[in-house]
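Visitor: Turn this into a structure:
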Amino acid sequence: MTASILDDVPPLSELLDVEGFREICKSFGELYGIGIKLFDAEGGKLVDVRAGDAHLSSYLFGIHETQVQLTSLVNQLRNQEIRAGEPAVIVDDFVGLRYKIAPIVNEGSLAGRVIFGPYAPGDIKVPAELAKHKELDLYRLQGLLRTIPVASEKQVDRILAHLLSTLDVVIHSSYKQLMTSRVHIASINGAFEDLERVNRTLQDANGQLKELDRLKSNFIATVSHELRTPLTSVIGYSEMLLEGMAGELVPEQRDYVKTILEKGESLLVLIGQVLDLSRIESGNVLIMKSQAEPAELVKLALSDVLPQAKKRNIALETAIADGVEPISVDTDKIRRILVNLLGNAVKFTPEGGKITIKANIEESKPVGSDRFDLFEPERNKYLRIDVIDTGIGIPEDKLERIFDSFFQVDNSSTRQFGGTGLGLSIARNFAAAHRGSLTVTSSVGAGSTFTLKLPYVAESASDKAAPVDGLDATPEQPHTTSGRATPGAPGMTKTATR
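Guide: Reported below is the predicted structural model:
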């Protein structure tokens with residue numbers, strides 16, 4: 001048993017304290033001004049320390065022609081063939097800078113690679129062939145190239161040898177500790193039997209709690225559904241009375257029936273929101289993607305809030321940028337996000353105000369990351385939709401809390417604006433299910449801007465959305481009863497509230 005453990009050579013990610021070694025590499029980068037990247041044998045990135053090339057990379061990435069060349073360079077650096085025990089490989093890029101790729105060896109096998117660079121091997125001049133790129137400012141490029149450290153091959157070899165020797169010591173020490181730990185663990189497995197027994201007890205208790213949570217969600221869904229069926233009848237008969245199907249009503253009777261209809265539809269919206277929240281909590285929501293035109297999504301959402309906007313004399317404006325491409329999304333859920341945002345804007349904008357909805361393509365850092373993805377630049381492309389109002393605004397300390405379930409900015413019993421506080425929570429969950437984001441900026445008295453960002457490239461290789469925040473691939477049933485469109489269905493005209 002011990003022999004098999006010792007024969008098993010662990011991957012580099014298990015040997016390194018990645019955070020600690022990243023700090024070591026960072027100190028090297030700050031000392032010499034040259035970037036360092038570390039990959040394991042499978043191509044997984046462990047360390048990425050930027051140095052003086054950050055502004056240069058950002059500039060080149062912003063121009064299509066050089067972006068293509070930069071992507072090709074990145075692929076070459078990641079896939080360049082290297083062998084254990086052989087010298088570092090030199091790679092020159094298209095602007096005259098240089099990289100060195102050195103093998104990382106453990107127990108005689110290739111464990112990974114270090115990419116050191118870029119650095120200038122001498123006085124760098126902009127290559128003449130780059131002049132054909134019309135968007136490229138050669139003067140600016142020359143200035144950025146001057147910020148890259150100049151180093152001779154001898155200097156680089158010494159720095160790289162120092163880095164590799166440090167890495168060698170870290171790997172050797174970690175390997176010894178790991179092997180000792182494995183042998184020790186293998187010899188005392190019996191000591192964990194009690195812990196495993198307790199763990200099984202906890203798992204059983206956890207399973208019971210999950211079952212109780214499931215029963216709670218099912219109860220809410222069942223009660224909501226049973227409430228919706230008679231409520232739809234109340235709404236339907238109210239409409240028939242207003243249409244005169246049971247005879248003409250006197251004005252006072254019509255007012256009463258209109259009140260019944262209005263309150264019934266409001267209650268139907270609330271029931272639909274509770275059902276949505278229940279589905280999100282239980283994971284019974286499916287993201288069904290199809291190609292959609294952003295302009296058409298905006299148009300459909302505007303049609304749902306147009307009557308309320310006209311009633312309050314609020315101007316609705318659209319600004320769809322030229323060249324906005326179709327995007328693969330769940331059109332129903334994106335439309336519901338937009339209807340929610342527009343409905344809130346109408347509700348919280350005084351009469352005579354203005355609401356603007358903008359759509360454009362944005363190159364930005366992937367959601368959840370603090371930098372652009374140079375190795376897969378297509379993941380930096382987003383559809384951005386902004387809903388801008390001239391309403392009452394939101395206090396700064398409430399900007400994130402408005403996305404919590406049931407939260408109201410004004411939760412007093414005499415608040416001016418009604419609502420359940422579920423709409424924005426559901427909208428953010430739907431955005432997260434698309435690997436996107438929903439954020440807000442606001443100024444009290446000046447209005448708010450809600451920003452929806454949807455990636456053009458999904459996180460996974462397939463077109464299916466992975467589970468996020470309780471959303472998974474379980475079919476969602478349509479929200480319809482007696483032929484009437486209800487909250488959550490494509491024909492929804494009532495809007496959720498903040």
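
Visitor: all helices for the stretch 51-200 of the chain, in order.
Guide: Ranges of helices within the stretch 51-200 of the chain are 54-61, 64-79, 138-145, 153-187, 193-242, based on DSSP state H, counting those that start in this stretch.

Visitor: which of these sits most buried?
Guide: Among these, the stretch with the highest mean neighbour count (mean count of other CB atoms under 10 Å) is helix 54-61, at a mean of 16. No exception for glycine: its C-beta is placed from N, CA and C like everyone else's.

Visitor: Which among the helices of the stretch 51-200 of the chain is found nearest to residue 12?
Guide: Nearest to residue 12 among these is helix 153-187 (7.5 Å), distances taken as CB to CB.

Visitor: Mean confidence (pLDDT) on the closest one, please.
Guide: Average pLDDT, helix 153-187: 81.

Visitor: what do you get for stretch 90-99?
Guide: What stretch 90-99 shows for mean pLDDT is 89.

Visitor: Would you mark the buried spots in it?
Guide: 91, 93, 95, 96, 97, 98, 99 (16 or more other CB atoms under 10 Å).

Visitor: And this structure, what are its domain boundaries?
Guide: If you go by automatic domain parsing, the domain ranges for the chain are 2-187, 190-282, 285-485.

Visitor: Quick one: distance of the last one to the chain centre.
Guide: Chain-centre distance of domain 285-485: 13 Å, with CA atoms, centre = their mean, to the nearest Å.

Visitor: contacting residues around residue 367?
Guide: Residue 367 makes contact with 435, 436, 437, 453, 455, according to CB atoms under 8 Å, 6 or more residues apart in numbering.

Visitor: What's opposite the third one in the beta bridge?
Guide: Under DSSP bridges, the beta-bridge partners of residue 437 are residue 453.

Visitor: could you measure it against residue 109, distance?
Guide: The spacing between residue 437 and residue 109, counted by CB to CB, to the nearest Å, is 42 Å.

Visitor: Looking at the two, which one has more neighbours?
Guide: residue 437 (16 against 11; other CB atoms under 10 Å).

Visitor: isn't the more buried one right next to residue 430, touching?
Guide: No - using CB atoms under 8 Å, residue 437 is not in contact with residue 430, being 11.3 Å away.

Visitor: Around residue 19, how many other residues sit close by?
Guide: Neighbours of residue 19 under the rule other CB under 10 Å: 8.

Visitor: in which helix or strand would I find it?
Guide: Residue 19 belongs to helix 18-32 when assigned by DSSP states H and E.

Visitor: Now stretch 445-453: average pLDDT?
Guide: pLDDT averaged over stretch 445-453 gives 90.

Visitor: ok, now stretch 395-415?
Guide: Rounded mean pLDDT across stretch 395-415 is 67.

Visitor: do stretch 212-231 as well
Guide: Confidence over stretch 212-231, taken as the mean pLDDT, stands at 75.

Visitor: what's the answer for stretch 43-61, then?
Guide: On average, the pLDDT along stretch 43-61 is 84.

Visitor: Distance from it to the middle of the chain?
Guide: Here stretch 43-61 is found 22 Å from its chain centre; the criterion is CA atoms, centre = their mean.

Visitor: Stretch 49-62 now?
Guide: Its chain's average C-alpha position is 23 Å from that of stretch 49-62, according to CA atoms, centre = their mean.

Visitor: okay, how far is it across it, tip to tip?
Guide: Criterion CA to CA, to the nearest Å; first-to-last residue distance in stretch 49-62 is 21 Å.

Visitor: ditto for stretch 75-87
Guide: This stretch, stretch 75-87, spans 20 Å end to end (CA to CA).

Visitor: Residue 308 contacts residue 343, doesn't it?
Guide: Yes - judged on CB under 8 Å, residue 308 makes contact with residue 343 at a distance of 7.3 Å.

Visitor: which of the two has more neighbours?
Guide: Set residue 308 next to residue 343 and count neighbours by other CB under 10 Å: residue 343 wins out with 25 against 16.

Visitor: What residues sit buried inside the helix or strand harbouring that one?
Guide: Assessed by DSSP H and E, residue 343 sits inside helix 331-348. By neighbour count on 16+ other CB under 10 Å, the buried set for helix 331-348 is 331-348.

Visitor: next structured bit after it?
Guide: With elements assigned by DSSP H and E, the helix or strand that comes after helix 331-348 is strand 354-363.

Visitor: Report all helices and strands that that following strand contacts.
Guide: On a contact count with 3 or more CB pairs under 8 Å, 6 or more residues apart in numbering; DSSP states H and E, strand 354-363 meets helix 294-311, strand 315-320, helix 331-348, strand 381-389.

Visitor: Which among those is found nearest to residue 37?
Guide: Taking CB to CB, strand 381-389 is the member of these nearest to residue 37, at 23.6 Å.

Visitor: next structured bit after the closest one?
Guide: Downstream of strand 381-389, the next assigned helix or strand under DSSP H and E is helix 423-433.

Visitor: Of all the residues in that following helix, which ones are buried?
Guide: By neighbour count on 16+ other CB under 10 Å, the buried set for helix 423-433 is 423, 424, 425, 426, 427, 428, 429, 430, 431, 432, 433.

Visitor: remind me which residues of the stretch 351-498 of the chain are low pLDDT?
Guide: Along the stretch 351-498 of the chain, segments meeting pLDDT under 70 span 370, 405-421, 458-498.

Visitor: what do you get if the cut-off is 90, keeping everything else the same?
Guide: Residue ranges of the stretch 351-498 of the chain with pLDDT under 90: 351-352, 362-382, 390-437, 439, 442-446, 456-498.

Visitor: Quote the end-to-end distance of stretch 30-44.
Guide: Stretch 30-44 has an end-to-end distance of 24 Å (CA to CA).

Visitor: Show me what it is in contact with.
Guide: If you take CB under 8 Å, 6+ apart as the criterion, stretch 30-44 is touched by 11-13, 21, 25, 28-29, 45-53, 77-79, 104, 109-119, 149, 151, 156, 159, 163.

Visitor: In this structure residue 316 contacts residue 308, no?
Guide: No - look at residue 316 against residue 308 with CB under 8 Å: they stay out of range, at 10.3 Å.
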